[in-house]
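J.: got a sequence here, can you build the structure:
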Amino acid sequence: MTVPWRLIGVLALVLAGFGSAWQFQDWRYGNQLADQARLHAEDFNQLTQAAAVAQQAERDKRLALEQKLSTSEQTHYKELSDAERTQARLRDRLVTADVRLSALLDSDSTGGCDMAKPPPPAAWIMQPYAPDLTQRMLNELSPSPMKAIED
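T.: Residues are numbered from 1 along each chain as shown. Below is the predicted model of the structure:
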C-alpha cells in the first residue's frame, strides 16, 4: 500500500490551515475579551466616581442641615433663656412693687410717724376678702407648678 504523498501534503496543508485559523481566532477573541474587560473597568470606574460624587453631595447636604439645625437650636435656646430672664425680672419687679406699695400704704395713713391708726370702719371689716392681684400675677408668672405666694 502506497501512501500518496500528495494526499499527505494536502492533509498537512489543511491541518496547518486549521491550526493557523485556530490561532488567529484565539488571538482575535483574546483581543475582544481584553477590550471588553477594559471597557468594563472604565464603566465601573465611572460608576464608582459618580457614586462618590453623589455620596459627597449627600454628606454636604446633611452637614448643611446639621449646621442649620444647630443654629436654629441655639437661637431657640437663646430666645427661651431670654424669655425666662425677662419673666424673672418682671417677677422681681412685681415683688418689689408689691413691697413698696404695701410700705407706702402702711406709712400713708400715719405720715411716717408711729401714731396709732384709727380703727377701720365697720362696713369695711364686713366686706368679703378680696385677694391681692399682685400675688395672683406672681403665681401665674411662676415657672414652677407650685404657687409662689398663697392667696
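J.: going forward, measure contacts between C-alpha atoms and count neighbours the same way
T.: OK.
J.: which stretches in this protein count as helices?
T.: 5-108, 122-126, 133-141 (DSSP state H).
J.: quick one, which of those is packed in tightest?
T.: Across the helices of the chain, the average number of neighbours (mean count of other CA atoms under 10 Å) peaks for helix 133-141, which reaches a mean of 16.
J.: now do it, average pLDDT.
T.: Summarised as a single mean, pLDDT over helix 133-141 is 62.
J.: low pLDDT regions in this structure?
T.: 1-3, 98-151 (pLDDT under 70).
J.: if we use 80, what do you get?
T.: Scanning the chain for pLDDT under 80 picks out 1-3, 93-151.
J.: residue contacts, Ala52?
T.: Contacts for Ala52 (CA atoms under 8 Å, 6 or more residues apart in numbering) come out as none.
J.: how close does it get to Gln46?
T.: According to CA to CA, to the nearest Å, Ala52 and Gln46 sit 10 Å apart.
J.: just Gly30 next, same as before
T.: 24 Å.
J.: repeat that for Asp82.
T.: Using CA to CA, Asp82 is found at 53 Å from Gln46.
J.: what's next to stretch 68-86, contact-wise?
T.: Counting contacts by CA under 8 Å, 6+ apart, no residue outside stretch 68-86 touches it.
J.: then it to PDB, C-alphas only?
T.: Coordinates of each C-alpha in stretch 68-86 appear next as PDB, following Å, rounded to 0.1, in the frame of the first residue of the first chain:
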ATOM      1  CA  LYS A  68     -28.900  74.800  60.200                       C
ATOM      2  CA  LEU A  69     -30.500  72.800  62.900                       C
ATOM      3  CA  SER A  70     -27.700  73.700  65.300                       C
ATOM      4  CA  THR A  71     -28.100  77.400  64.600                       C
ATOM      5  CA  SER A  72     -31.900  77.100  64.900                       C
ATOM      6  CA  GLU A  73     -31.500  75.200  68.200                       C
ATOM      7  CA  GLN A  74     -29.100  77.900  69.600                       C
ATOM      8  CA  THR A  75     -31.400  80.600  68.500                       C
ATOM      9  CA  HIS A  76     -34.400  78.900  70.200                       C
ATOM     10  CA  TYR A  77     -32.400  78.300  73.400                       C
ATOM     11  CA  LYS A  78     -31.300  81.900  73.500                       C
ATOM     12  CA  GLU A  79     -34.900  83.100  73.000                       C
ATOM     13  CA  LEU A  80     -36.100  80.800  75.800                       C
ATOM     14  CA  SER A  81     -33.400  81.800  78.200                       C
ATOM     15  CA  ASP A  82     -34.100  85.500  77.400                       C
ATOM     16  CA  ALA A  83     -37.800  84.900  78.000                       C
ATOM     17  CA  GLU A  84     -37.000  83.200  81.300                       C
ATOM     18  CA  ARG A  85     -34.800  86.100  82.400                       C
ATOM     19  CA  THR A  86     -37.400  88.600  81.400                       C
END
